[in-house]
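Student: What would the 3D arrangement of this be:
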Amino acid sequence: MSIVLVSVWIGSIIFFSSIIAPTVFKSLDEKSAGLFLRAFFPKYYVFGIIIGVLAIVIDIKSHDNLAFLLIGSMIVLSFISRGLIPMINNARDMGDTGKDKFKKLHTFSVVLNVVTLLIGLVYIYNSI
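Tutor: Residues are numbered from 1 along each chain as shown. Predicted structure coming up:
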């Protein structure tokens, strides 16, 4: 059952990156896109964290240390990413003076998201 949960989590990452983000930036002006993403991202990361905790609870019976390590890593990365949101928003709100800080923080959050995706794929591969 935990493989299904992690697959849903991975699916949500892929869906956001390939469908939601491009659609938001093509369909909304910059201010509206920003408002949408500020409302969306906290829920996005909390969703992943909840899925991860449920997967670990289900995997407790298996005593699979690799599964705990992989899913636990995904949860930790999601907590870090969730924690970056206020800093990213503050940098964006600073305008030109925060541009470099925003770019670095945003890039870091994208890297964390990609690493979370890759760890999830490793988990799925290992579980098959």
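Student: Return the per-residue confidence for residue 1.
Tutor: Residue 1 is assigned 85 on the pLDDT scale.
Student: Buried residues of stretch 65-83, list them for me.
Tutor: Within stretch 65-83, the residues that count as buried by 16 or more other C-beta atoms under 10 Å are 67, 70-71, 73-75, 77-78, 81-82. Bear in mind the C-beta positions are built from the backbone N, C-alpha and C, glycine included.
Student: Point out where this protein drops to low pLDDT.
Tutor: Judged against pLDDT under 70, the chain has no low-scoring part.
Student: all helices for it, in order.
Tutor: Taking DSSP state H, the helices of the chain run over residues 2-15, 21-27, 30-59, 65-93, 99-127.
Student: Adding distance to residue 53, write the buried residues of stretch 65-83 out as CSV.
Tutor: Shown next, in CSV, are those (distance: C-beta to C-beta, whole Å):
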residue, distance to residue 53
67, 13
70, 14
71, 9
73, 13
74, 10
75, 7
77, 14
78, 10
81, 16
82, 13
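Student: Against residue 128, how distant is residue 7?
Tutor: Distance of residue 7 to residue 128, computed by C-beta to C-beta, to the nearest Å: 11 Å.
Student: More neighbours: which of those two?
Tutor: More neighbours surround residue 7 than the other of residue 7 and residue 128, with 17 against 6 (other C-beta atoms under 10 Å).
Student: nearest spatial neighbour of that one, skipping sequence neighbours?
Tutor: Spatially, and ignoring its direct neighbours in sequence, residue 7 is nearest to residue 124 (6.2 Å; C-beta to C-beta, 6 or more residues apart in numbering).
Student: Residue 122 now?
Tutor: Closest residue to residue 122 apart from its sequence neighbours, by C-beta to C-beta, 6+ apart: residue 70 at 6.2 Å.
Student: quick revisit: wait, the residue nearest to residue 7 sits on residue 8?
Tutor: No - between residue 124 and residue 8 there is no contact under C-beta atoms under 8 Å: 11.0 Å.
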